[in-house]
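Engineer: how would this look folded up:
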Amino acid sequence: MTLMVNGGPGSLPDIFARPLADKLRKSLGQAVVVDNRPGAGGMVAMQHLKEAGPSGHTLAIITNAHAVWNPYVFPSLTYNPTTDLQPVSPIAILPMAMAVNPKLGVSSVQELVAKAKAEPGVINYASSGNGSPPHVLFEVWRSQAGLDIVHIPFKTGTDALTSTVAGDTQVYFAGTALVEAMAKDKKLQVLAVSPHVESPTFAHAPTMEQAGFPGYESAVWLGVVAPAGTPDAVVNKLNTAISEALRDPAFATIMKANGSIPLHESAQDFAQRIAKERAEWGPQIEKIGIRPN
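Structural biologist: Numbers count the residues shown, from 1 in each chain. Alright, predicted model coming up:
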């Protein structure tokens, strides 16, 4: 079997893919190889998955970007999430944190909103690239809040983090695992998280809902998909194997160390989650007009 990852070795999806592949190898009794295929907002990996055929021997790690957002961001998407991807199982929720450089002088989301409204076009925010989850999630929030905050895209999340810590950019909406060390060292100030995170570093941070944005859900999730047409019996067998992997204490430790919350659902429930998010997020992203370049 092949488990494809839209990210290089050491990326967050790769960190989860390798122990998952090891657990699947043991539970299914066959070799499982991790195949890193980064690039083009996930299109490289998704195209290879699409071409692999529905044997159940080729899987891919995805996020909500690949299954929900990409059709509304990339005008020339080379795959159709609705017809080319077969949901197998989610594996984790990746909570997000709204973090700012302390020199910005705000200590809450409300203060950030007030400052941005008083100084339109002055504050800027970093992301890990046009069309990336931090970009999409921040743009949806910015639109809801009615703010004029300038987007500064970077090639990687690490570059965006470094820029915000240095003060070249002022705001970064990113995974809690990425910003935790800098927040702990007081080099970044966390204004809010989504959802709640059980970590001393974020203990006093409200959720985005508590900060005044009810219904705003900004977490990124990771999941496993197969090519469309994969038989239900194969999908259900894979779903059961993934459920067993998520219950493994060693795997749970890896997830916790990387700021994630294990998540398992049936393949049917996972498909319903994706469909529900498409209905909710599609109109918002189309209205904003996010584009990769």
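Engineer: the most centrally placed residue in the chain and Ile62: what is the separation?
Structural biologist: The centroid of the chain falls nearest to Val220 when counting by C-alpha atoms, centre = their mean (3.2 Å). From Val220 across to Ile62, the span is 11 Å (C-beta to C-beta, to the nearest Å). Just so you know, the C-beta spots here come from the backbone N, C-alpha and C atoms, and that holds for glycine as well.
Engineer: can you show me the strands along the chain?
Structural biologist: Here the chain has its strands, by DSSP state E, at 2-5, 33-36, 58-63, 85-94, 96-100, 124-127, 150-153, 171-175, 189-194, 220-227, 261-262.
Engineer: mind putting these in a markdown table, mean pLDDT and distance to Pro133 included?
Structural biologist: Output for the strands of the chain, formatted as a markdown table (pLDDT from 0 to 100; distance: least, C-beta to C-beta, whole Å):
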| stretch | mean pLDDT | distance to Pro133 |
| --- | --- | --- |
| strand 2-5 | 94 | 15 |
| strand 33-36 | 93 | 19 |
| strand 58-63 | 94 | 6 |
| strand 85-94 | 95 | 9 |
| strand 96-100 | 95 | 8 |
| strand 124-127 | 95 | 9 |
| strand 150-153 | 94 | 13 |
| strand 171-175 | 93 | 8 |
| strand 189-194 | 95 | 12 |
| strand 220-227 | 95 | 5 |
| strand 261-262 | 90 | 16 |
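Engineer: can you redo those as TSV with distance to Leu20?
Structural biologist: Converted to TSV, those look like this (distance: least, C-beta to C-beta, whole Å):
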stretch	distance to Leu20
strand 2-5	7
strand 33-36	9
strand 58-63	8
strand 85-94	7
strand 96-100	22
strand 124-127	27
strand 150-153	30
strand 171-175	18
strand 189-194	25
strand 220-227	8
strand 261-262	11
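Engineer: care to break this structure down by domain?
Structural biologist: The domain map for the chain lists 2-93+220-288, 96-202, with the assignment taken from automatic domain parsing.
Engineer: centre of the chain to the shortest one, how far?
Structural biologist: Once both centres are worked out by C-alpha atoms, centre = their mean, to the nearest Å, domain 96-202 turns out to sit 15 Å from its chain's centre.
Engineer: for Gln210, which non-adjacent residue is spatially closest?
Structural biologist: Ala192 (7.5 Å; C-beta to C-beta, 6 or more residues apart in numbering).
Engineer: quick one, phi psi at Tyr79?
Structural biologist: phi -140, psi 160 (degrees, to the nearest 10).
Engineer: residue numbering should commence at 52 henceforth.
Structural biologist: Okay, using 52 as the starting number, the last item reads as Tyr130.
Engineer: just to revisit the earlier point, looking at the strands of the chain, which is closest to Asp210?
Structural biologist: Set against Asp210 and scored by C-beta to C-beta, the strands of the chain come closest in strand 175-178, at 8.1 Å.
Engineer: can you name every helix or strand that the closest one contacts?
Structural biologist: Here strand 175-178 touches helix 184-196, strand 201-204, helix 208-217, strand 222-226, going by 3 or more C-beta pairs under 8 Å, 6 or more residues apart in numbering; DSSP states H and E.
Engineer: okay if I get the ones you listed as a markdown table plus mean neighbour count and distance to Ser311?
Structural biologist: A markdown table is the format used below for those (neighbours: other C-beta atoms under 10 Å; distance: least, C-beta to C-beta, whole Å):
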| stretch | mean neighbour count | distance to Ser311 |
| --- | --- | --- |
| helix 184-196 | 21 | 14 |
| strand 201-204 | 16 | 24 |
| helix 208-217 | 19 | 15 |
| strand 222-226 | 26 | 8 |
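Engineer: that older thread, Glu260: which of the domains of the chain is closest?
Structural biologist: domain 147-253 (7.7 Å).
Engineer: what about that closest one, start to end distance?
Structural biologist: Terminal residues of domain 147-253 are spaced 11 Å apart (C-alpha to C-alpha, to the nearest Å).
Engineer: Lys288 is nearest to which of the strands of the chain?
Structural biologist: Comparing the strands of the chain under C-beta to C-beta, the one sitting nearest is strand 136-145, at 9.8 Å.
Engineer: show me how far the closest one is from its chain's centre.
Structural biologist: 11 Å.
Engineer: would you mark the buried spots in it?
Structural biologist: Buried residues in strand 136-145, defined by neighbour count with 16 or more other C-beta atoms under 10 Å: Leu136, Gln137, Pro138, Val139, Ser140, Pro141, Ile142, Ala143, Ile144, Leu145.
Engineer: now the last one. Nearest residue, chain neighbours left out?
Structural biologist: In space, Leu145 comes closest to Val271 once its chain neighbours are excluded; the distance is 4.3 Å by C-beta to C-beta, 6+ apart.
Engineer: cool, thanks, signing off.
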